Every structure is written in structure tokens, then in C-alpha cells.
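After the sequence you'll find the predicted model.
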Amino acid sequence: MITVRGRRAGSTGIRCAIVAVLDCREAAPTGIMAGMAAAALSSSPVRPGTGWPGDPATPRTPVAGDPIDVRTLAASARVIGVLDARVSVCRACPRLVAWREEVARTKRKAFADEPYWGRPAPGWGAERPRVLIVGLAPAAHGANRTGRVFTGDRSGDWLFAALHRVGLAATATSAYAGDGQHLPVTRVVAAVRCAPPANAPTPVERATCAPWLERELDLVLPTLDVVVVLGGFGWAAALTSLAAAGCSVPSPRPRFGHGARTEVVTPDRRVIAVLGCYHPSQQNTFTGRLTESMTDDVLGQAAVLAGGHPPQGTAGAARG
Ligand code: SF4
């Protein structure tokens, strides 16, 4: 059930009415956050609209409490800022809500003095992206701590360094929300928006969260040139969501692999490339299964497909 200002809407009709009224004023206005930062720092999980840098929500943002709410609120989000706000307060998966908030309260020792976001991590980066990067889910002490997807953990360190090398990120690091990192043409999203125990969302949780990704793809599709998918689960989720957004997807579905490449056709007949890349988990990067040059190869292809210049020294540039 959708909750707004502590009241719960009990029917789909009421849901839709509330959504329509609030759609234009529920997302946080830009510029409001900086002066309110101190308030946010005292709370883990962070309450919506209390000053966390980049928090897209306000106390008025409607809260999805079950899978029907997720579908309703995702489908009726008309702009990416509203979608981000609604994602960031979602409570539709009881197990994941309990886990993300427990982690935010107990914290890792190294971050014991820091506040934790403890909410879903919405997509982040360009609102009209040419490159979309799709991962699996936030890390418990990464995005679940910083509030920004792929930020504050080793996987993010690897990813943003590579994005910077190929010209898709302003700086080589992504340490915390509000750190000055900037993605001019790239958006980064997770297929499941809450940190799951053992990095393993259940099939039901994956299905419950899917409408957020489907709507996000819908909204960014007009400007998109390429989707880079990190890992096999993201690959399946991205192709399914692209199909749900009206794209023609090859059948049978192409298999995931590092360097896998396929194409989908949008409803307005544009071709979007979909590239596979091993996930930059420590399991892959520490073992050498994924190297920097392998990562640069795929992201370099994405940069070229998005109209960038070939990044020097990456194999992807040569194949652009
Ligand atoms: Fe909501 Fe997705 Fe988090 Fe489930 S995983 S609570 S659907 S944001």
C-alpha cells in the first residue's frame, strides 16, 4: 500500500489520484540539500528530505509498500527525478527493508562514526544518458552507506576508475554522495535497488523491483545509444526490461559473457547496443578473471558508441 504523510491509500483508484496530485511536487528541489546536511547526519537510515546530498525524496514522496504499489508508482512517474524519489523510499520487500536498515544501524566498524543511507539506491548520473550501466544490487557497506549506486566500495572504485580512463566520468573515484563526481552522458543503475543479504536477492524480490528498472529504461530510451551490463543477472534483467519498454530483443536471448554484444531496436527504430562485462566484484578482480584492460575494452566500446573519442590505449577504441 502506498503511504503518503503517514496515511495509507487502500485502492488502486486512490493510489492513482494521490500519484497524480503529488507527481509534480514530491521530488526534492535542487539546491535544498546543502544547508540541511547537518540534520541528515544524525540519522541512520537517512530520513527523506533531511539534507543528504543528492537525496531525491521529500517527506511527501509516496512510499511503495507492496508489489502493486511498485508497479503503480513506477508506471506513473513521468520524469526521472520523480522516479528516483519514489525508488529511494520504497519498502515493498520486507526482508530487504529489514536487512538494509539493520546494516545501517549496526554499521561496519570502519564506518562506525558515519551515517548510513539505509534506503534503496536509485539510478544516478545523467538524466538524458547515452550510456546506461546496469549492475546487480547495492553493496551493504557501499551504496547502502553512501546512498549512491556503486559508490564507496571496491567494485565502485574499479568501475569509476575505468569510466574515467575511457572518458565517461569526470574523476577516477566515487567515494561519497556530493564528492564532485560527474557523469556527463552516463547513468548507473542497479537491477535490484536494495542491498540484499549475501548479495542474493530472491526471485520474488527481483520480480518486485523490476518495474523500477523497466520505467527507468522507458524514460531514458530516447537518448540511449548503449547499455553496458555488469554480470549475468543484470544481463537477463536488462534484456527483459528493454523488451518491457517496447524494444525488439533477439530471440532466443543471447547468452551473457564478458565481451558479449547484441542489439535491440527501439519502438522508433533506433538500434541500441547491449554489451556484457564481468561484474567488477572483488571475486572477479582479485582473481584476475576481470582485468583493467578487459574492463576498458568494453567501456571503451561504449564510449565510442556514445559518440566519444577513442580513449587512448583501449582495445574498444580500435573496434568502435
Ligand atoms: Fe523496493 Fe526494489 Fe528495494 Fe524491493 S528491492 S524494497 S522493490 S526498491
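Perfect, thanks for sending it.

tell me which residues of the host helix or strand of residue 95 are tucked away?
Here residue 95 sits within helix 94-106, counting by DSSP states H and E. Buried residues in helix 94-106, counted by 16 or more other Cβ atoms under 10 Å: 96, 97, 99, 100, 101, 103, 104. Where C-beta positions appear, they are placed from N, C-alpha and C, glycine not excepted.

just stretch 48-68 next, same as before
48-58, 61-65, 67-68.

quick one, strands of the stretch 1-150 of the chain?
2-4, 7-9, 124-125, 131-135 (DSSP state E, counting those that start in this stretch).

ok, which residues in the chain are in contact with the ligand?
70, 87, 90-93, 96-97, 120, 192-194, 205, 208-209, 212 (Cβ under 6 Å from any ligand atom).

Apply 8 Å and report the result again.
Within reach of the ligand by Cβ under 8 Å from any ligand atom, the chain has these residues: 64, 67, 70, 87, 90-93, 96-97, 100, 120, 137, 192-194, 196, 201, 205, 208-209, 212.

ok, of these, which come out buried?
Buried among the residues of the chain next to the ligand by 16+ other Cβ under 10 Å: 64, 67, 70, 87, 90-93, 96-97, 100, 120, 137, 192-194, 196, 201, 205, 208-209, 212.

ok, back up a step: which of the strands of the stretch 1-150 of the chain comes out lowest on mean pLDDT?
When the strands of the stretch 1-150 of the chain are compared on mean pLDDT, strand 7-9 scores lowest, with a mean of 40.

Tell me how many other residues crowd residue 80.
Look at residue 80: counted by other Cβ atoms under 10 Å, it has 21 neighbours.

For it, give me the pLDDT.
Looking at residue 80, the pLDDT reads 98.

mind putting the buried residues of helix 94-106 in JSON lines, distance to residue 167 included?
Shown next, in JSON lines, are these (distance: Cβ to Cβ, whole Å):
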{"residue": "96", "distance to residue 167": "35"}
{"residue": "97", "distance to residue 167": "38"}
{"residue": "99", "distance to residue 167": "37"}
{"residue": "100", "distance to residue 167": "33"}
{"residue": "101", "distance to residue 167": "38"}
{"residue": "103", "distance to residue 167": "34"}
{"residue": "104", "distance to residue 167": "35"}
